[in-house]
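Undergrad: give the three-dimensional model of this entry:
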Amino acid sequence: MTALPMVVPDAGLPTSVTIWEVGPRDGLQNEQAVVPTAAKVEFIERLAAAGLPVVESTSFVRPDRVPQLADAAEVMAGLRRAPGVRYPVLVPNVRGLEAAAAAEVSDVAVFASATDTFAERNLGRGYEAQWEMFAPTVARARELGMSVRGYLSMCFGDPWEGAVPAERVVDAVQRLVGLGCTAISLGDTIGVATPGQVADLLGRLRGVGVPAEAIGVHFHDTYGQALANTLAALRCGITTVDASAGGLGGCPYAQSATGNLATEDLVYMLDGLGIRSGVDLDALIATSAWMEGVLGRPSPSRVVRARRRTAQAQPGTPGRQ
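TA: Down below sits the predicted model:
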(Lines give C-alpha, C1' and ligand atoms only; values in the text may rest on other atoms or scores of the structure.)
Protein backbone atom coordinates (compact mmCIF):
# COMPACT_ATOMS: atom_id res chain seq x y z
CA MET A 1 0.00 0.00 0.00
CA THR A 2 1.25 3.49 -0.87
CA ALA A 3 1.89 5.61 2.22
CA LEU A 4 -0.14 8.81 2.10
CA PRO A 5 -0.24 11.55 4.72
CA MET A 6 -3.36 11.98 6.82
CA VAL A 7 -4.96 15.27 5.80
CA VAL A 8 -5.41 17.69 8.69
CA PRO A 9 -5.90 21.29 7.43
CA ASP A 10 -4.61 24.31 9.33
CA ALA A 11 -6.84 27.36 9.09
CA GLY A 12 -3.85 29.67 9.51
CA LEU A 13 -2.21 28.55 6.26
CA PRO A 14 -2.86 29.32 2.58
CA THR A 15 -5.29 27.05 0.74
CA SER A 16 -2.97 26.69 -2.26
CA VAL A 17 0.74 27.02 -2.98
CA THR A 18 2.67 27.44 -6.21
CA ILE A 19 5.76 25.25 -6.31
CA TRP A 20 8.57 26.82 -8.33
CA GLU A 21 10.53 23.77 -9.48
CA VAL A 22 14.25 24.51 -9.83
CA GLY A 23 15.70 21.02 -10.32
CA PRO A 24 16.60 21.27 -14.02
CA ARG A 25 18.48 24.54 -13.44
CA ASP A 26 19.60 24.90 -9.83
CA GLY A 27 19.75 21.15 -9.35
CA LEU A 28 21.73 20.10 -12.41
CA GLN A 29 24.09 23.09 -12.44
CA ASN A 30 25.93 21.62 -9.46
CA GLU A 31 26.49 18.16 -10.94
CA GLN A 32 30.06 17.03 -11.51
CA ALA A 33 29.20 15.29 -14.76
CA VAL A 34 27.29 16.94 -17.59
CA VAL A 35 23.81 15.45 -18.02
CA PRO A 36 22.91 14.74 -21.68
CA THR A 37 20.62 17.28 -23.31
CA ALA A 38 17.98 14.66 -24.11
CA ALA A 39 17.84 13.64 -20.44
CA LYS A 40 17.43 17.28 -19.36
CA VAL A 41 14.54 17.72 -21.78
CA GLU A 42 12.86 14.54 -20.55
CA PHE A 43 13.37 15.61 -16.93
CA ILE A 44 11.62 18.94 -17.58
CA GLU A 45 8.77 17.29 -19.49
CA ARG A 46 8.26 14.69 -16.74
CA LEU A 47 8.10 17.42 -14.09
CA ALA A 48 5.52 19.37 -16.08
CA ALA A 49 3.48 16.19 -16.62
CA ALA A 50 3.53 15.62 -12.84
CA GLY A 51 1.60 18.87 -12.42
CA LEU A 52 4.29 21.37 -11.56
CA PRO A 53 3.10 24.76 -12.86
CA VAL A 54 6.59 26.32 -13.02
CA VAL A 55 9.69 24.41 -14.13
CA GLU A 56 12.83 26.52 -14.21
CA SER A 57 14.58 24.93 -17.13
CA THR A 58 18.12 26.21 -17.61
CA SER A 59 20.43 29.21 -17.50
CA PHE A 60 21.80 31.26 -20.39
CA VAL A 61 25.23 31.81 -18.86
CA ARG A 62 28.75 31.57 -20.22
CA PRO A 63 29.66 27.88 -20.77
CA ASP A 64 32.97 28.32 -18.95
CA ARG A 65 31.11 29.54 -15.85
CA VAL A 66 28.50 26.77 -15.69
CA PRO A 67 29.44 24.07 -18.23
CA GLN A 68 26.62 21.83 -17.01
CA LEU A 69 24.12 24.24 -18.61
CA ALA A 70 26.04 25.08 -21.77
CA ASP A 71 23.29 23.50 -23.88
CA ALA A 72 20.59 25.98 -22.80
CA ALA A 73 19.49 26.82 -26.35
CA GLU A 74 19.33 23.14 -27.32
CA VAL A 75 17.28 22.29 -24.24
CA MET A 76 14.72 24.98 -24.92
CA ALA A 77 14.54 24.07 -28.62
CA GLY A 78 13.91 20.41 -27.85
CA LEU A 79 11.32 21.01 -25.15
CA ARG A 80 7.65 20.26 -25.79
CA ARG A 81 6.02 22.98 -23.74
CA ALA A 82 2.83 21.98 -21.98
CA PRO A 83 -0.09 24.45 -22.01
CA GLY A 84 -0.31 26.51 -18.85
CA VAL A 85 3.19 25.63 -17.63
CA ARG A 86 5.85 28.32 -17.25
CA TYR A 87 9.46 27.54 -18.17
CA PRO A 88 11.61 30.37 -16.77
CA VAL A 89 15.37 30.60 -17.31
CA LEU A 90 18.16 32.41 -15.52
CA VAL A 91 19.96 35.22 -17.39
CA PRO A 92 23.05 37.03 -16.04
CA ASN A 93 23.09 39.96 -18.45
CA VAL A 94 21.58 41.44 -21.61
CA ARG A 95 23.48 39.01 -23.80
CA GLY A 96 21.97 36.07 -21.95
CA LEU A 97 18.57 37.75 -22.09
CA GLU A 98 18.71 38.13 -25.87
CA ALA A 99 19.63 34.46 -26.19
CA ALA A 100 16.65 33.59 -24.00
CA ALA A 101 14.37 35.77 -26.12
CA ALA A 102 15.59 33.98 -29.25
CA ALA A 103 14.58 30.74 -27.54
CA GLU A 104 11.05 32.15 -27.11
CA VAL A 105 11.27 32.37 -23.33
CA SER A 106 8.66 34.54 -21.57
CA ASP A 107 9.92 34.34 -17.97
CA VAL A 108 13.47 35.14 -16.86
CA ALA A 109 15.34 35.58 -13.60
CA VAL A 110 18.38 37.53 -12.46
CA PHE A 111 20.58 36.50 -9.54
CA ALA A 112 21.71 39.03 -6.91
CA SER A 113 23.48 38.72 -3.58
CA ALA A 114 22.72 40.24 -0.19
CA THR A 115 26.44 40.19 0.70
CA ASP A 116 29.60 41.70 -0.76
CA THR A 117 31.74 38.57 -0.73
CA PHE A 118 29.28 36.33 -2.52
CA ALA A 119 28.53 39.04 -5.05
CA GLU A 120 32.26 39.22 -5.82
CA ARG A 121 32.61 35.44 -6.11
CA ASN A 122 29.44 34.85 -8.08
CA LEU A 123 29.18 38.02 -10.17
CA GLY A 124 32.68 39.47 -10.18
CA ARG A 125 31.54 42.71 -8.54
CA GLY A 126 30.48 43.86 -5.07
CA TYR A 127 27.10 44.52 -3.49
CA GLU A 128 26.75 48.10 -4.72
CA ALA A 129 28.12 47.48 -8.22
CA GLN A 130 25.86 44.50 -8.96
CA TRP A 131 22.77 46.67 -9.42
CA GLU A 132 24.38 48.46 -12.37
CA MET A 133 24.71 45.10 -14.11
CA PHE A 134 21.09 44.09 -13.51
CA ALA A 135 19.43 47.39 -14.45
CA PRO A 136 19.72 47.12 -18.26
CA THR A 137 18.87 43.41 -18.19
CA VAL A 138 15.66 43.92 -16.22
CA ALA A 139 14.72 46.97 -18.26
CA ARG A 140 15.20 45.14 -21.55
CA ALA A 141 13.26 42.12 -20.31
CA ARG A 142 10.32 44.31 -19.35
CA GLU A 143 10.47 45.98 -22.78
CA LEU A 144 10.12 42.51 -24.29
CA GLY A 145 7.06 41.83 -22.13
CA MET A 146 8.81 39.27 -19.93
CA SER A 147 8.22 38.69 -16.24
CA VAL A 148 11.43 39.05 -14.24
CA ARG A 149 12.18 37.23 -11.03
CA GLY A 150 14.95 38.50 -8.78
CA TYR A 151 16.81 35.78 -6.92
CA LEU A 152 18.51 37.07 -3.80
CA SER A 153 21.14 34.79 -2.29
CA MET A 154 22.65 34.76 1.20
CA CYS A 155 19.54 36.20 2.85
CA PHE A 156 20.14 34.51 6.20
CA GLY A 157 23.82 33.68 6.43
CA ASP A 158 27.04 33.86 4.41
CA PRO A 159 29.97 31.39 4.77
CA TRP A 160 32.49 34.26 4.60
CA GLU A 161 30.64 37.08 6.36
CA GLY A 162 28.54 35.17 8.87
CA ALA A 163 25.07 36.32 9.88
CA VAL A 164 23.47 38.70 7.37
CA PRO A 165 21.64 41.71 8.86
CA ALA A 166 17.96 41.72 7.97
CA GLU A 167 18.26 45.41 7.07
CA ARG A 168 20.69 44.52 4.27
CA VAL A 169 18.24 41.95 2.86
CA VAL A 170 15.36 44.43 2.99
CA ASP A 171 17.51 46.98 1.15
CA ALA A 172 18.42 44.44 -1.54
CA VAL A 173 14.79 43.40 -2.03
CA GLN A 174 13.71 47.02 -2.40
CA ARG A 175 16.43 47.58 -5.00
CA LEU A 176 15.31 44.58 -7.04
CA VAL A 177 11.71 45.77 -6.92
CA GLY A 178 12.85 49.26 -7.89
CA LEU A 179 14.68 47.87 -10.92
CA GLY A 180 11.44 46.31 -12.14
CA CYS A 181 11.53 42.74 -10.87
CA THR A 182 8.00 41.36 -10.71
CA ALA A 183 8.82 38.71 -8.09
CA ILE A 184 11.56 38.07 -5.52
CA SER A 185 12.95 34.76 -4.27
CA LEU A 186 14.64 34.87 -0.85
CA GLY A 187 17.48 32.36 -0.77
CA ASP A 188 18.85 30.60 2.30
CA THR A 189 21.86 29.64 0.21
CA ILE A 190 23.79 27.74 2.90
CA GLY A 191 20.76 26.47 4.81
CA VAL A 192 21.38 28.15 8.16
CA ALA A 193 18.04 29.91 8.68
CA THR A 194 15.59 28.99 11.42
CA PRO A 195 11.82 29.66 11.53
CA GLY A 196 12.02 32.70 13.79
CA GLN A 197 14.56 34.33 11.50
CA VAL A 198 12.34 33.64 8.50
CA ALA A 199 9.26 35.15 10.16
CA ASP A 200 11.25 38.20 11.28
CA LEU A 201 12.55 38.95 7.77
CA LEU A 202 9.15 38.48 6.16
CA GLY A 203 7.60 40.77 8.75
CA ARG A 204 10.19 43.45 7.96
CA LEU A 205 9.48 43.17 4.24
CA ARG A 206 5.76 43.46 4.87
CA GLY A 207 6.48 46.55 6.97
CA VAL A 208 8.13 48.34 4.02
CA GLY A 209 5.30 47.49 1.66
CA VAL A 210 6.60 44.40 -0.13
CA PRO A 211 3.51 42.17 -0.48
CA ALA A 212 3.68 38.48 0.40
CA GLU A 213 2.36 37.53 -3.04
CA ALA A 214 5.50 39.02 -4.63
CA ILE A 215 7.83 36.87 -2.53
CA GLY A 216 8.97 33.28 -2.91
CA VAL A 217 11.22 31.36 -0.52
CA HIS A 218 14.15 29.18 -1.49
CA PHE A 219 15.48 27.03 1.35
CA HIS A 220 18.41 24.64 1.44
CA ASP A 221 18.29 21.71 3.85
CA THR A 222 21.89 21.82 5.09
CA TYR A 223 20.84 21.82 8.75
CA GLY A 224 17.51 20.04 8.24
CA GLN A 225 15.47 23.23 8.59
CA ALA A 226 14.00 23.61 5.10
CA LEU A 227 10.50 22.27 5.82
CA ALA A 228 10.29 24.05 9.18
CA ASN A 229 11.30 27.29 7.51
CA THR A 230 8.78 26.72 4.72
CA LEU A 231 5.99 26.24 7.24
CA ALA A 232 7.03 29.46 8.98
CA ALA A 233 6.88 31.28 5.63
CA LEU A 234 3.42 29.87 4.87
CA ARG A 235 2.19 31.18 8.21
CA CYS A 236 3.39 34.62 7.07
CA GLY A 237 1.24 34.40 3.94
CA ILE A 238 3.87 33.23 1.44
CA THR A 239 2.35 31.14 -1.36
CA THR A 240 5.34 30.51 -3.67
CA VAL A 241 7.95 27.97 -2.59
CA ASP A 242 11.04 26.91 -4.52
CA ALA A 243 11.99 23.25 -4.47
CA SER A 244 14.09 20.78 -6.42
CA ALA A 245 12.94 17.32 -7.48
CA GLY A 246 14.85 14.69 -5.55
CA GLY A 247 16.57 17.37 -3.46
CA LEU A 248 19.13 18.02 -6.20
CA GLY A 249 21.37 21.04 -6.16
CA GLY A 250 23.40 23.48 -4.20
CA CYS A 251 25.51 26.35 -5.41
CA PRO A 252 28.78 26.06 -7.36
CA TYR A 253 30.16 29.23 -5.72
CA ALA A 254 29.33 28.39 -2.09
CA GLN A 255 30.54 24.91 -1.22
CA SER A 256 28.68 24.77 2.10
CA ALA A 257 25.41 25.09 0.16
CA THR A 258 24.14 21.54 -0.01
CA GLY A 259 20.86 20.26 -1.38
CA ASN A 260 17.72 22.22 -2.00
CA LEU A 261 14.43 21.42 -0.33
CA ALA A 262 13.20 18.26 -2.07
CA THR A 263 9.98 18.82 -4.01
CA GLU A 264 8.63 15.42 -2.89
CA ASP A 265 9.14 16.30 0.77
CA LEU A 266 7.38 19.62 0.24
CA VAL A 267 4.43 18.07 -1.60
CA TYR A 268 4.01 15.41 1.11
CA MET A 269 3.78 18.14 3.76
CA LEU A 270 1.40 20.26 1.68
CA ASP A 271 -0.82 17.25 0.98
CA GLY A 272 -0.99 16.49 4.70
CA LEU A 273 -2.05 20.07 5.40
CA GLY A 274 -4.71 19.97 2.72
CA ILE A 275 -2.92 22.68 0.73
CA ARG A 276 -3.41 22.42 -3.03
CA SER A 277 -0.31 22.35 -5.24
CA GLY A 278 -1.66 20.48 -8.26
CA VAL A 279 1.28 18.05 -8.13
CA ASP A 280 0.86 14.28 -8.47
CA LEU A 281 3.21 12.94 -5.79
CA ASP A 282 3.46 9.46 -7.33
CA ALA A 283 4.42 10.89 -10.73
CA LEU A 284 6.95 13.19 -9.09
CA ILE A 285 8.55 10.31 -7.15
CA ALA A 286 8.72 8.26 -10.35
CA THR A 287 10.51 11.15 -12.04
CA SER A 288 13.12 11.40 -9.29
CA ALA A 289 13.57 7.63 -9.34
CA TRP A 290 14.23 7.89 -13.07
CA MET A 291 16.72 10.72 -12.51
CA GLU A 292 18.55 8.56 -9.98
CA GLY A 293 19.35 6.25 -12.86
CA VAL A 294 20.54 9.13 -15.03
CA LEU A 295 22.85 10.46 -12.30
CA GLY A 296 23.91 7.07 -10.97
CA ARG A 297 23.18 7.78 -7.32
CA PRO A 298 20.22 7.74 -4.91
CA SER A 299 18.09 10.81 -4.26
CA PRO A 300 18.50 12.58 -0.91
CA SER A 301 14.72 13.17 -0.75
CA ARG A 302 13.34 11.55 2.38
CA VAL A 303 10.01 10.80 0.70
CA VAL A 304 11.69 9.12 -2.28
CA ARG A 305 13.80 6.99 0.07
CA ALA A 306 10.82 6.12 2.28
CA ARG A 307 8.76 5.02 -0.73
CA ARG A 308 11.64 2.83 -1.90
CA ARG A 309 11.93 1.16 1.49
CA THR A 310 8.17 0.60 1.57
CA ALA A 311 8.21 -0.99 -1.87
CA GLN A 312 11.14 -3.23 -0.95
CA ALA A 313 9.36 -4.36 2.21
CA GLN A 314 6.35 -5.58 0.19
CA PRO A 315 7.24 -8.72 -1.78
CA GLY A 316 5.79 -8.68 -5.27
CA THR A 317 5.37 -4.90 -5.38
CA PRO A 318 7.07 -3.51 -8.45
CA GLY A 319 9.36 -0.50 -7.95
CA ARG A 320 8.45 2.70 -9.70
CA GLN A 321 10.72 3.76 -12.55
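Undergrad: what sits against residue 227?
TA: 221, 261, 265, 266, 269 (C-beta atoms under 8 Å, 6 or more residues apart in numbering). For every residue, glycine as well, the C-beta is placed using N, CA and C.
Undergrad: residue 171: neighbour count?
TA: Burial of residue 171 is recorded as 14 neighbouring residues (other C-beta atoms under 10 Å).
Undergrad: now do the strands in the stretch 201-321 of the chain.
TA: For the stretch 201-321 of the chain, strands defined by DSSP state E, counting those that start in this stretch occupy the ranges 215-219, 240-243.
Undergrad: of all those, which one is nearest residue 48?
TA: Of all these, it is strand 240-243 that lies closest to residue 48, at 14.7 Å by C-beta to C-beta.
Undergrad: which residues sit against the closest one?
TA: Residues external to strand 240-243 that are found in contact with it (C-beta under 8 Å, 6+ apart): 17-22, 26, 183, 185, 213, 215-219, 230, 233-234, 260-263, 265-266.
Undergrad: you'd agree residue 270 is up against residue 277?
TA: Yes - with contacts counted by C-beta atoms under 8 Å, residue 270 reaches residue 277, the gap being 5.1 Å.
Undergrad: okay, the contacts of residue 227 in JSON lines with pLDDT and neighbour count next?
TA: Conversion of the contacts of residue 227 to JSON lines gives the following (pLDDT from 0 to 100; neighbours: other C-beta atoms under 10 Å):
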{"residue": "221", "pLDDT": "93", "neighbour count": "22"}
{"residue": "261", "pLDDT": "96", "neighbour count": "29"}
{"residue": "265", "pLDDT": "97", "neighbour count": "22"}
{"residue": "266", "pLDDT": "98", "neighbour count": "26"}
{"residue": "269", "pLDDT": "98", "neighbour count": "18"}
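Undergrad: from the residues you listed, which is closest to residue 12?
TA: The shortest distance between residue 12 and any of the contacts of residue 227, using C-beta to C-beta, involves residue 269 and amounts to 14.8 Å.
Undergrad: quick one, what contacts the closest one?
TA: Contacts of residue 269 by C-beta under 8 Å, 6+ apart are 5, 227, 230, 231.
Undergrad: widest-spaced pair of these?
TA: Across the contacts of residue 269, no pair lies farther apart than 5 and 230, at 15.1 Å, counting by C-beta to C-beta.
Undergrad: more neighbours, those two?
TA: Neighbour comparison, residue 5 and residue 230: the larger count goes to residue 230, with 25 against 15 (by other C-beta under 10 Å).
Undergrad: which stretches of the protein have low pLDDT?
TA: In the predicted model of the chain, residues 1-2, 250-258, 314-321 satisfy pLDDT under 70.
Undergrad: sorry, back to before: tell me which of residue 270 and residue 277 has more neighbours.
TA: residue 270 (24 against 21).
Undergrad: now do the contacts for that one.
TA: Contact partners of residue 270, counting by C-beta under 8 Å, 6+ apart, are 17, 276, 277.
Undergrad: ok so, going back, ok, the contacts of residue 269 vs residue 94, which is closest?
TA: residue 230 (33.9 Å).
Undergrad: surely the closest one meets residue 219?
TA: Yes - at 6.1 Å, residue 230 and residue 219 qualify as touching, with contact defined as C-beta under 8 Å.
Undergrad: quick check: neighbours shared by those two?
TA: Contacts common to residue 230 and residue 219, judged by C-beta under 8 Å, 6+ apart, are residue 261.
Undergrad: what are the boundaries of the helices in the stretch 1-150 of the chain?
TA: When secondary structure is read from DSSP state H, counting those that start in this stretch, the stretch 1-150 of the chain shows helices at 37-49, 72-78, 94-102, 116-123, 127-143.
Undergrad: nearest to residue 194, of those helices?
TA: Distance to residue 194, taken as C-beta to C-beta, is lowest for helix 116-123 among these, at 20.2 Å.
Undergrad: and that closest one, what does it pack against?
TA: Under the contact criterion of 3 or more C-beta pairs under 8 Å, 6 or more residues apart in numbering; DSSP states H and E, the helices and strands touching helix 116-123 comprise strand 107-113, helix 127-143.
Undergrad: if we go to 10 Å?
TA: strand 107-113, helix 127-143, strand 147-153, strand 157-158 (3 or more C-beta pairs under 10 Å, 6 or more residues apart in numbering; DSSP states H and E).
Undergrad: so residue 188 sits right up against residue 228, yeah?
TA: No - the pair residue 188 / residue 228 is not scored as a contact, 11.4 Å apart, by C-beta atoms under 10 Å.
Undergrad: in CSV: the helices of the stretch 1-150 of the chain, plus mean neighbour count and distance to residue 192.
TA: Formatted as CSV, the entries for the helices of the stretch 1-150 of the chain read as follows, by neighbours: other C-beta atoms under 10 Å; distance: least, C-beta to C-beta, whole Å:
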stretch, mean neighbour count, distance to residue 192
helix 37-49, 20, 28
helix 72-78, 18, 31
helix 94-102, 18, 30
helix 116-123, 20, 13
helix 127-143, 17, 19
